[in-house]
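Visitor: Got a predicted structure here, sequence first:
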Amino acid sequence: MKVSSRLNGIGEYYFSQKLKEIQEMNKSGTAVINLGIGSPDLPPNPEVIEALQQDAAKQNVHGYQSYKGVDALRQAFADWYRQWYHVTLDPATEILPLIGSKEGIMHICMTYLEHGDEALIPNPGYPTYRSAVQLAGGTCVEYELQEENDWQIDFDALEQKDLSKVKLMWVNYPHMPTGQLPTKALFEKLIAFGKKHNILICHDNPYSFILNENPASLLAVDGAKEVAVELNSLSKSHNMAGWRVGVLSGAKERIDEIIRFKSNMDSGMFLPLQLAAAKALSLGADWHQQVNEVYSKRKEKAFQLLDLLGCSYSKQQVGLFVWAKIPAAYKSGFELSDEVLYNARVFITPGGIFGSAGEKYVRVSLCSTEENFTRSIESITTHCKIK
C-alpha cells in the first residue's frame, strides 16, 4: 500500500526511534540511563490525583464532552493566566482546552496552511513545528537562532526574506532547546512584525514555570490578540505529561477558526481529567517552588556531567533541559551522544535533531533523579575517553 505524498520527507519522530534502540540495548545488558527525553518523572500534586480519582468514580462523567471543554476548566485557565501572566482572557470565547498542546500545533497548521503557503520555524527548534507545517501542505522557512545573539530572533535578517507567502511564524520562549528567556522587547518586536506582515504569530509556551521566577506570556503585549495565539500545557509545569492537558489562547475569531478543524479530528477530554486539571491550575507558588527545588539540584548535576564531557554552557538558561556546546574535537553532537550511549550506556540528546544550527550541541534532560546523574557521571568517567 502506497502512503500519502504528505508523508514525503516525514520520518518517524527521533525519540520514538531512539527509544526502540534503547529498549533493545536494555535487553542485552546494563540498562541505559536516559537523560534525553523531557518527560517529567515527578508525580502531580496529590490533590490533583485525588480529584481525578473521586470524579472518575462517579457514574455520570463518562460520556462525550464538549469540544471546547467544560466551563470549570476554561475558567481555571483564565484565572491562571490572570494570576501568573497578567493576561485577561474571556473563558467563554478566548480559551480552547486541548488534548495536549502538541495537537494544537497540528490544529493551527491545518487550519491556516495550504499548498503554497509558508511558515517561519526556528532553527534550532522543536521538530514538530516542521513536521506539522509539512503535513498541512505548507513550506518551512527557517530563521536561524545563534548563540552569539543569545538565541534571540534576528529581525533584520527576517526582513531580508521574501515574506509574501508566509502565513504563520512559530516561536517558543523560554526557548527549547536552548533555555533562552524572552525579553519584553523581543515580544513587542514579534507583535509588531506580525502586524506589519499580516503573519499569525504562534507562541508555544510550555516551559515558563520551570526554573524561571518570572513566567511571561506573549499575549501580555498590547495588541497581541490581533495577531498572535499562544499554546500552553500542564505537562511540564504540573508533571502531567501523560494526562494530555493543554490550552490554546487567543482572540475569539482565532478560536472559532481553529475549532472548525479540531472538532472534526477529536472529541472532548475525559471530564474527570478536566476537573483534575482545573484543580492543578489552582495550585499556588509553593507547588512550583517545590518542583523547582528538585530541578535546581539536578541542574547542578547536569553541569557536572557536561563539565566532564568538556562542554560549555550558560548557567542562565531556564526550562527542563541544559543546552551545551560540544568540544571542538567532535564533529557533531551525534558523535558525542553516540560515544556516551554505546560506551557508558547514558543517553543525551544530540542537538542536530533540532536543526542544523544545533549540530555542535547536545541537550541534557533534568527528568531523571540525582542518583541517575551520579551513576551517569561515574559510568562516563569509567568507560569514556573524551577527546
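Guide: It's in.

Visitor: chain center to stretch 324-341: distance?
Guide: Centroid displacement of stretch 324-341 relative to its chain, using Cα atoms, centre = their mean, to the nearest Å, is 23 Å.

Visitor: Now do the buried residues in stretch 218-235.
Guide: The neighbour-count check on stretch 218-235 (16 or more other Cβ atoms under 10 Å) flags 218-219, 221, 224-225, 227-235 as buried. Yep, even glycine has a C-beta here, placed from its N, CA and C like the rest.

Visitor: Count the neighbours of residue 358 for me.
Guide: 23 (other Cβ atoms under 10 Å).

Visitor: for it, what are its contacts?
Guide: Residue 358 is in contact with 123-124, 177, 333, 350-352, counting by Cβ atoms under 8 Å, 6 or more residues apart in numbering.

Visitor: And the strands in the stretch 151-300 of the chain?
Guide: 166-171, 200-204, 228-233, 246-249 (DSSP state E, counting those that start in this stretch).

Visitor: Looking at these, which is nearest to residue 363?
Guide: With respect to residue 363, and counting by Cβ to Cβ, the nearest of the strands of the stretch 151-300 of the chain is strand 200-204 at 16.7 Å.

Visitor: Dump that closest one to PDB, restricted to CA.
Guide: C-alpha atoms of strand 200-204 as PDB (Å, rounded to 0.1, in the frame of the first residue of the first chain):
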ATOM      1  CA  LEU A 200      -0.100  34.900  12.700                       C
ATOM      2  CA  ILE A 201       2.500  34.600  15.500                       C
ATOM      3  CA  CYS A 202       2.100  31.200  17.200                       C
ATOM      4  CA  HIS A 203       3.800  31.100  20.600                       C
ATOM      5  CA  ASP A 204       4.500  27.800  22.200                       C
END
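
Visitor: That one to strand 228-233, inter-axis angle?
Guide: If you take axes from the mean of the first three to the mean of the last three Cα atoms, to 10 degrees, strand 200-204 sits at 20 degrees to strand 228-233.

Visitor: Please identify the pairing partners of strand 200-204 and their relative orientation?
Guide: Strand 200-204 has its sheet partners listed here by DSSP bridges as strand 166-171 (parallel), strand 228-233 (parallel).

Visitor: what sits up against that strand?
Guide: 101, 105, 108, 112, 126, 129, 167-173, 190-191, 193-194, 217-219, 227-231, 254.

Visitor: pLDDT on it, on average?
Guide: For strand 200-204, mean pLDDT rounds to 98.

Visitor: gap between it and the chain center?
Guide: The answer for strand 200-204 is 13 Å, by Cα atoms, centre = their mean.

Visitor: again, but for stretch 82-91
Guide: With Cα atoms, centre = their mean as the basis, stretch 82-91 stands 21 Å off its chain's centre.

Visitor: again with stretch 63-71
Guide: 25 Å.

Visitor: Now do the contacts for the residue nearest to residue 122 when sequence neighbours are not counted.
Guide: Computed as Cβ to Cβ, 6 or more residues apart in numbering, the closest residue to residue 122 that is not its neighbour in sequence is residue 145, at 5.7 Å. With contact taken as Cβ under 8 Å, 6+ apart, residue 145 is in contact with 122-125, 151-154, 175, 178, 180, 357.

Visitor: Residue 105 against residue 129, yeah?
Guide: Yes - with contacts counted by Cβ atoms under 8 Å, residue 105 reaches residue 129, the gap being 6.5 Å.

Visitor: what touches both of those two?
Guide: 170, 204.

Visitor: any idea of the mean pLDDT in the longest helix belonging to the chain?
Guide: Secondary structure of the chain per DSSP state H: the longest helix is helix 285-308. Average pLDDT, helix 285-308: 97.

Visitor: Equivalent analysis for stretch 167-184, please.
Guide: pLDDT averaged over stretch 167-184 gives 97.

Visitor: buried residues in it?
Guide: Under 16+ other Cβ under 10 Å, the buried positions of stretch 167-184 are 167-182.

Visitor: what's the closest of those residues to residue 309?
Guide: residue 177 (16.4 Å).

Visitor: Please report how far the closest one lies from residue 349.
Guide: 8 Å (Cβ to Cβ, to the nearest Å).

Visitor: and for those two, which residues touch both?
Guide: residue 363.

Visitor: Which elements pack onto the helix or strand residue 131 falls within?
Guide: Element membership of residue 131 [criterion: DSSP states H and E] is helix 127-135. Applying 3 or more Cβ pairs under 8 Å, 6 or more residues apart in numbering; DSSP states H and E, we find helix 127-135 packed against helix 101-112, strand 118-123, strand 139-144, strand 166-171.

Visitor: The first one: how far from the chain's middle?
Guide: In terms of Cα atoms, centre = their mean, the gap separating the centre of helix 101-112 from the centre of its chain is 14 Å.

Visitor: who's in contact with that helix?
Guide: Applying Cβ under 8 Å, 6+ apart, the set of residues contacting helix 101-112 from outside is 98, 119, 128-129, 132-133, 135-136, 138, 167-168, 170, 200, 202, 204, 206, 229, 231-233, 235, 246-248, 257-258, 260-262, 265-266.

Visitor: For ChimeraX, write a command that selects the buried ones of the residues you listed.
Guide: The buried residues among these can be selected in ChimeraX (16+ other Cβ under 10 Å) with this line:
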select :98,119,128,129,132,133,135,136,138,167,168,170,200,202,204,206,229,231,232,233,235,246,247,248,257,258,261,262
